[in-house]
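Visitor: below is the sequence, then the predicted model.
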Amino acid sequence: MSLHAPRHVGLVAALAVGVALSGCSREEIRAYRIPKEQPPMTADAAHAGHVHQRPHAHYETPSGWQEVQPGSMHIASFVIKSDQGEARVTVTPLPGAKDIEVDAVNMWRSELQLPALTAEDFEKQSQAVKIGNAEGKLVEFTAPANGTNGVARQTTGALATIEGALWFFKLTGDQAVVAANKDKLKQFLASMDVHAGEHETGSASGGESAAAAPQRPSQGPALPEWEPPASWQSKTPGQMVLAAFNVSGQEGQAEVTITSFPGDTGGLVANIDRWRRQVGLGPIDPSDIPKVATTVGEGSNQFTVVDFVGKNPRSGKETRLVTAIVKVGANSWYYKMMGDAPVVEREKENLLNFVKSAKYPNAG
Amino acid sequence: MLANRILDFFTSLRLTVVCLALALVLVFIGTIAQVKLGLYTAQENYFQSLFVYWTPQGSNFRIPVWPGGYLLGWILLINLIAAHIRRFTFSKKKIGIFLVHAGLILLLLGQFFTEMLQVESHMRLVEGSASNFSEAARRHELAIIDKSDPNSDFVVSIPEALLARGGEIKHPDLPFPVRVHSYWQNSEPLTNTATLSLRQAPPTTKMNDKDVPYTEVEFGGASDKRFKLSAWFSDDHLSSWARRNLEVAVPPGFERFEHNGKSYEVTLRSERYYKPHYIELVDFTHDRYRGTEIPKNFSSRIQLKNPETSETREVLIYMNNPLRYGGETYYQGSFDQFDERVSILQVVRNPSWLTPYVSCILVGVGLTVQFMSHLVGFAKKRKAAAA
């Protein structure tokens, strides 16, 4: 077979068209019809006309506050924007929580890089405030402008125990905006009508809104069968804590607490960041997570162990935190040991054996 | 004669050698360029293009400085076919060579069609949830959704590349023009804000990173409002990350507006590919190597539901055991590092997926036939000589 020019120029031309086509992109507008998608649930739709079974609140939203989708721990969230900057308001209930007011306020202070308050300082600095029909405490503190944004920041917050839940109302952001909205916060608090549980509501109307908390069990789950080390001393657990132990020795002391929550309470990063704050550390760089979080065990007996060292914000002593996170069904169990670094170093193996010994009643 | 000179050019062995040398250099400079541009941009600029362009600093000119992968591939293909037709004389002895060349031509064409027609996307599923669409990993779209029909939604999808050109975009299915006021290929969150605010960021060059675009658009005659849209707001994974790590409120992933009595939603999101069937994730399991975060085994037990055919069946997808359905292949792709209930399936539509297999068979058979014919001939000669 031989190639005759006129006959095969067409073939070469066809291939040349292919070359040209290679340069064409596939960027064109598409139009198509799809089955109806369910609209994303809005805050209004979520709360209108149904029976609230969880902590929730009714309130009047002050002018200039824009309600936004709340985070997993909040029942309501607002954004305030003005020429002077921005601020954010969050409403958070913690059912059953007690005696953690000072810790909570210190968590707010740590967000502004301010030192922790003692219980005595907290009492001195807090003012009485009306939260609906209840009496609450109002605190405020300002952090000077830091190098990154050059704007002073302020938090004005209130907290009160109402119907068995500890409620937090936090206004935080640029100092000028927070100061300008302090009176509105007080009006917002005065309009507050909070409920711990079930009652029938109608649609939100007339400027009044309602919001409900993420569901939490009203009572803690049944404790597993476990074998705590003989050297650990059992102690009365606080609210939200299912069991607690003291571990002490010549090198110092540490505490073991066991808690359980539905879901993953915001995920590994959020938990690590929260625990890091407790030992005076900033948020973790996600690329460093493999350095502090490892997986222990095999198959269904796997659990995650988080381990890092910081400092006790009050005493300045080196403090180590080791937490084992065990997924059991839809719940996450947290076995946290925190205390003087040498004690935690010595007891870490005991903690892991203790976690491995646990037999959960509903684990199947 | 001009035609003969053209044919001489396209059938010359010199052209083959020059193209291979140019391709060699292209592979080298394209590989080096990945350091600065990242894998995907370098692939696009050097290998998935007709020319490699150079833009002088401060100008908008694109000056072609080197042949790109597509151009070299096509010239080699034309060269191979033309030379084959011109010089090849079909005979029983050369049937092996013929098959080898046919296999090579099919391989080159198959690769071209794969480049042109293959669509890769992923489907993110949480245990207990179902989905009828997959999303592109790196491509985004401005989706304008007419929600007025009670039974279905009408979607007009404008690819990101058209937004990047700016100006006004018109389409027969859109009753209003889209005016693009700004477009950033990549954006990143500002820190210390109460609401997630973004700033322009340079395009990413990291392998495991992706650009997150932002745009400001207005719909002429439909709404005077400028809509500020970003995949930071519409992507569940990104918005959750921002809420969790930056402790900011995130604007809604879509905006609504009315026009001529119809209600519309608009969003900037990962490009979606809808399917007639649904996939529900029943169970997702994955093991890691002991003491590490390195994944060992993944598997997704899914329920496949097709309302059009009333088909419902359970399928286990795991490594090297994909589901092939509706012209697509569903591979177990990945998982969410922070949520162990989430499985990510890689979805590949490639109409020419069979061509490499057929090419390899043709080349294999061709080589076998060619070698065997030589071997048999050699054996016969040897036998004859011995006799």
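Guide: Received it, and whenever you're ready, just let me know what you need. Nothing here was measured: the structure is a model prediction, and the numbers come from that model.
Visitor: count of residues packed around B:Ile78?
Guide: Number of residues near B:Ile78 (other Cβ atoms under 10 Å in any protein chain shown) recorded here: 21. Placement of C-beta: from N, CA and C, glycine included.
Visitor: how about the secondary structure of it?
Guide: helix (DSSP: H, G, I helix; E, B strand; the rest coil).
Visitor: ok, now A:Val322?
Guide: strand.
Visitor: got a list of what it touches?
Guide: If a contact means Cβ atoms under 8 Å, 6 or more residues apart in numbering or on different chains, then A:Val322 has A:305-307, A:336-338, A:344, A:348, A:351 as its contacts.
Visitor: outline the domain layout of chain A.
Guide: According to automatic domain parsing, chain A is divided into the following domains: A:53-199+A:207-212, A:233-357.
Visitor: quick one: terminal-to-terminal distance for the last one?
Guide: Start-to-end span of domain A:233-357 (Cα to Cα, to the nearest Å) is 17 Å.
Visitor: swap in stretch B:156-175?
Guide: 11 Å.
Visitor: again with stretch A:251-271
Guide: Start and end residues of stretch A:251-271 are separated by 28 Å (Cα to Cα).
Visitor: can you give me how far it is from the chain middle?
Guide: Relative to the centre of its chain, stretch A:251-271 is centred 12 Å away, using Cα atoms, centre = their mean, to the nearest Å.
Visitor: same question, stretch B:96-104
Guide: Counting by Cα atoms, centre = their mean, stretch B:96-104 comes out at 30 Å from the chain centroid.
Visitor: please enumerate residues in contact with it?
Guide: Here stretch B:96-104 has contacts from B:80, B:84, B:88, B:90, B:358-371, B:373, using Cβ under 8 Å, 6+ apart.
Visitor: quick one on the thing from earlier: and the contacts of A:Val322, which are buried?
Guide: When the contacts of A:Val322 are checked for burial by 16 or more other Cβ atoms under 10 Å in any protein chain shown, the buried set is A:305-307, A:336-338, A:344, A:348, A:351.
Visitor: which among these gets closest to chain B?
Guide: A:Val305 (10.0 Å; Cβ to the nearest Cβ).
Visitor: relative to A:Phe169, how far out is A:Thr156?
Guide: Noted for A:Thr156: a distance of 9 Å to A:Phe169, by Cβ to Cβ, to the nearest Å.
Visitor: the stretch 251-387 of chain B: helices as residue ranges?
Guide: Under the criterion DSSP state H, counting those that start in this stretch, the stretch 251-387 of chain B contains helices at B:355-386.
Visitor: what about it, any weak spots by pLDDT?
Guide: B:290-295, B:337-339 (pLDDT under 70).
Visitor: circling back: reformat the domains of chain A as JSON lines; add distance to B:Glu265 and mean pLDDT.
Guide: Formatted as JSON lines, these follow (distance: least, Cβ to Cβ, whole Å; pLDDT from 0 to 100):
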{"stretch": "domain A:53-199+A:207-212", "distance to B:Glu265": "16", "mean pLDDT": "79"}
{"stretch": "domain A:233-357", "distance to B:Glu265": "28", "mean pLDDT": "82"}
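Visitor: now these as CSV including distance to B:Tyr274?
Guide: Shown next, in CSV, are the domains of chain A (distance: least, Cβ to Cβ, whole Å):
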stretch, distance to B:Tyr274
domain A:53-199+A:207-212, 26
domain A:233-357, 29
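Visitor: looking at those domains, which is nearest to B:His171?
Guide: domain A:53-199+A:207-212 (31.7 Å; Cβ to Cβ).
Visitor: which of the contacts of A:Val322 sit farthest apart?
Guide: Pairwise distances across the contacts of A:Val322 (Cβ to Cβ) peak at 13.7 Å, for the pair A:Val305 and A:Met338.
Visitor: which of the contacts of A:Val322 fall within helices?
Guide: A:344, A:348, A:351 (DSSP state H).
Visitor: find the nearest non-adjacent residue to the last one, please.
Guide: Taking Cβ to Cβ, 6 or more residues apart in numbering or on different chains as the measure, A:Leu351 lies nearest to A:Met337, with 5.0 Å between them; neighbours along the chain are not counted.
Visitor: how many neighbours does the nearest residue to B:Ile344 once chain neighbours are set aside have?
Guide: In this structure, B:Ile344 finds its nearest non-sequential neighbour in B:Ser334, 4.2 Å apart by Cβ to Cβ, 6+ apart. By the criterion of other Cβ under 10 Å, B:Ser334 has 16 neighbours.
Visitor: contact partners for B:Ser334?
Guide: B:122, B:344, B:346.
Visitor: and it, how far from A:Leu185?
Guide: For B:Ser334 relative to A:Leu185 (Cβ to Cβ), the value is 44 Å.
Visitor: got it, and A:Pro144?
Guide: 22 Å.
Visitor: with neighbour numbers in mind, choose between the two.
Guide: A:Leu185 (24 against 11).
Visitor: for the more buried one, which non-adjacent residue is spatially closest?
Guide: A:Leu171 (4.9 Å).
Visitor: ok, B:Ala137 next?
Guide: B:Ala137 sits nearest to B:His122 (Cβ to Cβ, 6+ apart), 6.0 Å away.
Visitor: now swap in B:Phe51 and tell me
Guide: B:Pro64 (3.7 Å).
Visitor: does that neighbour touch B:Thr55 like I think?
Guide: No - counting by Cβ atoms under 8 Å, B:Pro64 does not reach B:Thr55; the two are 10.9 Å apart.
Visitor: and the strands in the stretch 151-300 of chain A, which stretches?
Guide: For the stretch 151-300 of chain A, applying DSSP state E, counting those that start in this stretch gives strands covering A:153-162, A:165-174, A:193-195, A:199-200, A:208-212, A:233-235, A:243-249, A:252-262, A:293-296.
Visitor: what about the helices in the stretch 51-200 of chain B?
Guide: B:69-87, B:95-117, B:160-165.
Visitor: indicate which one of the ones you listed is closest to B:Arg138.
Guide: helix B:160-165 (9.4 Å).
Visitor: now the closest one: mean pLDDT?
Guide: Across helix B:160-165, the average pLDDT comes to 91.
Visitor: can I get the CA coordinates of that helix in PDB?
Guide: Extracted as PDB, the C-alpha positions of helix B:160-165 are listed here (Å, rounded to 0.1, in the frame of the first residue of the first chain):
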ATOM      1  CA  GLU B 160     -15.800  28.900  37.500                       C
ATOM      2  CA  ALA B 161     -13.700  29.600  34.300                       C
ATOM      3  CA  LEU B 162     -16.500  31.800  33.000                       C
ATOM      4  CA  LEU B 163     -16.600  33.700  36.300                       C
ATOM      5  CA  ALA B 164     -12.900  34.200  36.000                       C
ATOM      6  CA  ARG B 165     -13.400  36.100  32.700                       C
END
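Visitor: which other helices and strands does it contact?
Guide: If you count contacts as 3 or more Cβ pairs under 8 Å, 6 or more residues apart in numbering or on different chains; DSSP states H and E, helix B:160-165 packs onto strand B:130-146, strand B:178-184.
Visitor: quick check: buried residues in the first one?
Guide: Pointing back at strand B:130-146 there. The neighbour-count criterion (16+ other Cβ under 10 Å) identifies B:130-136, B:139-146 as the buried residues of strand B:130-146.
Visitor: with stretch B:25-39 instead?
Guide: Applying a neighbour-count criterion of 16+ other Cβ under 10 Å, one finds B:26, B:30, B:33-34, B:37-38 buried in stretch B:25-39.
Visitor: equivalent analysis for stretch B:225-240, please.
Guide: Going by 16+ other Cβ under 10 Å, stretch B:225-240 has these buried residues: B:227-235, B:238-240.
Visitor: so how far is that stretch from its chain's centroid?
Guide: 23 Å.
Visitor: ok, the spatially closest residue to A:Glu251 that is not a sequence neighbour - contacts?
Guide: Closest residue to A:Glu251 apart from its sequence neighbours, by Cβ to Cβ, 6+ apart: A:Pro342 at 3.7 Å. Contact partners of A:Pro342, counting by Cβ under 8 Å, 6+ apart, are A:249, A:251-252.
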